[in-house]
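Asks: Attaching a predicted model along with its sequence, questions to come.
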Amino acid sequence: MNDRLLALSLDARDPLAPLQRQFTLPDGVIYLDGNSLGALPVATAARVQEAVTGEWGTGLIRSWNTAGWVTLPQRVAAKIARLIGAAADETLVGDSTSVNLYKVLSSAMALVRASGEAGRRVVVSERSNFPTDLYIAQSLCQQHGFTLQLVDPDEIAAHLDERLAVLMLTHVNYRTGRMHDMAGVTRAAHGCGALTIWDLAHSAGAVPVDLNGADADFAVGCGYKYLNGGPGAPAFLWVHRRHLDRMERESLWQPLSGWFGHAAPFEFTPDYRPAAGIARFACGTPPVLSLTALDCGLDTVMAAEPFGGMVALRAKSLQLTTWFLSLVEARCAGHGLALVTPREEEARGSQVSFARTEGGYAIMQALIARGVIGDFRAPDILRFGFTPLYTRFVDVWDAVEHLRQVLESGEWRDARFHHKAAVT
């Protein structure tokens, strides 16, 4: 049996295969970019249309009550909480990842200052962390007299000392796909008295996450990657209950004290009084239409629960990524592709990345022209994401065959593949 027949056989026996029918996937496209933008769920268009024409068009402002718009953020947050090892009343949906990181990092700094440890004024993050996380941290450190130190992954342990206030990491690195041991790293940070913030943008819906089990402090994440909420979908944040209780007890605010974070927003009082619990981290009016789309996206992940949930999705993800990297190394050998994603399964997210010193962007554009959609991350990373809800084993085989042909034929050298688009 050749490898493509093996792939078809694996797909025929895959218990998760029926979940692919939840998605609208174009014919002739192998989509390996769900780690950047998840595919469109079949249910989303009709559900959003009903929210537009029925709830908004007919119900008008009454729909805040009659259609349950006002409680939609809580219902969506409860679904996300099940995927990240959190309680529903510790999880909030709304705003962007950047805005939510601003809230939780500000709050973490406030907790450190309130503890009276004047020597703790260092925030540590990875040099290769996603830029928006670093930009937000730079801004807040400048505002509050903290110092941001950027380190390589193998240098983190050396910076866990009495000066560390906050360790801010992305659970799965967006470039390499390397995954941290959340529980172990959190335990080490707590051992030196620091707080942790985890960015779950490349984790939620892709790998099992247990925030409470890891005893983490804060987390943020986005809704448009593996949660399939659509472009620019609302993000989420999580705060451990001990910090929610302490903020309430010590009258500490998160910095964006908008009206939906007020204890009684419809009393319209001039003075801010923060809501109890996680609700104090809300800010502006909930974005109903995008929350509706995110709700549909979350249902596609919830649909895996009868098949084993995140454990089953993780098992298939590892099968897909392991086979992909093995096939690329075997069939594309000699073409300058260097694996940057960990081979060790416990250290790998749901993506595989290869570096190439020449032509990485053009190679990806040539693949996209063939209908194999991954993405490129400067300066040299070809990145392929695997979403086990809809990625098939035959997609893995066919994608590698296209990559082999692009490299061997040299078609990527065509000038049209070197024109840089605004989004890579």
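Replies: Happy to help now that I have it.
Asks: wait, what's in contact with Thr132?
Replies: 97-98, 101 (CB atoms under 8 Å, 6 or more residues apart in numbering). Where you see a C-beta, it was placed from the backbone N, CA and C, and this is true even at glycine.
Asks: what's the spacing between it and Leu148?
Replies: 14 Å (CB to CB, to the nearest Å).
Asks: just to revisit the earlier point, buried only: go through the contacts of Thr132 for me.
Replies: 97, 101 (16 or more other CB atoms under 10 Å).
Asks: Kindly reformat the contacts of Thr132 as CSV containing pLDDT.
Replies: CSV is the format used below for the contacts of Thr132 (pLDDT from 0 to 100):
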residue, pLDDT
Thr97, 98
Ser98, 98
Leu101, 98
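Asks: Out of the contacts of Thr132, flag the one nearest to Ala293.
Replies: Thr97 (16.6 Å; CB to CB).
Asks: Quick check: that closest one touching Val220?
Replies: Yes: using CB atoms under 8 Å, Thr97 is in contact with Val220, at 5.5 Å.
Asks: residues contacting Val394?
Replies: 4, 7-8, 11.
Asks: Need phi/psi at it.
Replies: The phi and psi values for Val394, taken as degrees, to the nearest 10, are phi -70, psi -30.
Asks: Got the domain ranges for this protein?
Replies: Under the assignment automatic domain parsing, the domains of the chain span 3-42+309-418, 68-299.
Asks: Ends of the last one, what's the gap?
Replies: When you say that, I think you mean domain 68-299. Terminal residues of domain 68-299 lie 18 Å apart, using CA to CA, to the nearest Å.
Asks: Helices of the chain, start to end?
Replies: 3-13, 42-49, 63-66, 72-83, 97-114, 131-144, 182-191, 211-214, 241-249, 288-302, 309-331, 360-369, 393-409 (DSSP state H).
Asks: want to throw the ones you listed into CSV with distance to Ala282?
Replies: Formatted as CSV, the helices of the chain follow (distance: least, CB to CB, whole Å):
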stretch, distance to Ala282
helix 3-13, 43
helix 42-49, 22
helix 63-66, 15
helix 72-83, 7
helix 97-114, 10
helix 131-144, 19
helix 182-191, 26
helix 211-214, 19
helix 241-249, 13
helix 288-302, 13
helix 309-331, 27
helix 360-369, 39
helix 393-409, 40
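Asks: Show me which of the contacts of Thr132 is closest to Ile136.
Replies: Closest to Ile136, out of all of these and judged by CB to CB, is Leu101, at 4.9 Å.
Asks: from memory the closest one sits against Asp133, does it?
Replies: Yes: with contact defined as CB under 8 Å, Leu101 and Asp133 form a contacting pair (6.0 Å).
Asks: Residues in contact with both of those two, list them for me.
Replies: Contacts common to Leu101 and Asp133, judged by CB under 8 Å, 6+ apart, are Asp199.
Asks: coming back round to it: Leu256: which of the helices of the chain is closest?
Replies: Per CB to CB, nearest to Leu256 of those: helix 97-114, 5.9 Å.
Asks: What is the burial count for Ala206?
Replies: 32 (other CB atoms under 10 Å).
Asks: which residues do Thr97 and Val220 both contact?
Replies: 199, 201, 235.
Asks: could you dump these to CSV with neighbour count, pLDDT and distance to Tyr224?
Replies: Converted to CSV, the shared contacts of Thr97 and Val220 look like this (neighbours: other CB atoms under 10 Å; pLDDT from 0 to 100; distance: CB to CB, whole Å):
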residue, neighbour count, pLDDT, distance to Tyr224
Asp199, 27, 98, 14
Ala201, 26, 98, 9
Ala235, 26, 98, 9
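Asks: Might you specify the subset of these located within strands?
Replies: Among those, DSSP state E puts Asp199 in strands.
Asks: Can you tell me which of the shared contacts of Thr97 and Val220 lies closest to Glu50?
Replies: Ala235 (24.1 Å).
Asks: For the closest one, what are phi and psi?
Replies: Torsion angles, degrees, to the nearest 10, at Ala235: phi -90, psi -180.
Asks: so what's it up against?
Replies: Neighbours of Ala235 in contact, by CB under 8 Å, 6+ apart: 93-97, 99-100, 220-223.
Asks: please redo it, this time with the cut-off set to 7 Å
Replies: Contact partners of Ala235, counting by CB atoms under 7 Å, 6 or more residues apart in numbering, are 95-97, 100, 220-223.
Asks: and which of those residues is nearest to Val396?
Replies: Cys222 (25.3 Å).
Asks: List the contacts of that closest one.
Replies: Cys222 neighbours (CB under 7 Å, 6+ apart): 97, 201, 233, 235.
Asks: Just put those in JSON lines and tack on distance to Leu164.
Replies: Converted to JSON lines, the contacts of Cys222 look like this (distance: CB to CB, whole Å):
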{"residue": "Thr97", "distance to Leu164": "23"}
{"residue": "Ala201", "distance to Leu164": "23"}
{"residue": "Ala233", "distance to Leu164": "33"}
{"residue": "Ala235", "distance to Leu164": "26"}
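Asks: Tell me which two in those residues are the farthest apart.
Replies: Of all pairs in the contacts of Cys222, the most separated under CB to CB is Ala201 and Ala233 at 11.5 Å.
Asks: Name the residues of stretch 83-98 that are buried.
Replies: Neighbour-count burial for stretch 83-98 [16+ other CB under 10 Å]: 83-86, 89-97.
Asks: Can you give me the pLDDT of Met1?
Replies: pLDDT for Met1: 48.
Asks: Output the contacts of Thr132 in JSON lines; the columns should cover distance to Val311.
Replies: Formatted as JSON lines, the entries for those read as follows, by distance: CB to CB, whole Å:
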{"residue": "Thr97", "distance to Val311": "26"}
{"residue": "Ser98", "distance to Val311": "31"}
{"residue": "Leu101", "distance to Val311": "29"}
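Asks: what's the closest non-adjacent residue to Ala183?
Replies: Counting by CB to CB, 6 or more residues apart in numbering, Ala183 lies nearest to Ala214, which is 4.1 Å off, once chain neighbours are set aside.
Asks: That concludes my questions; thank you for your assistance.
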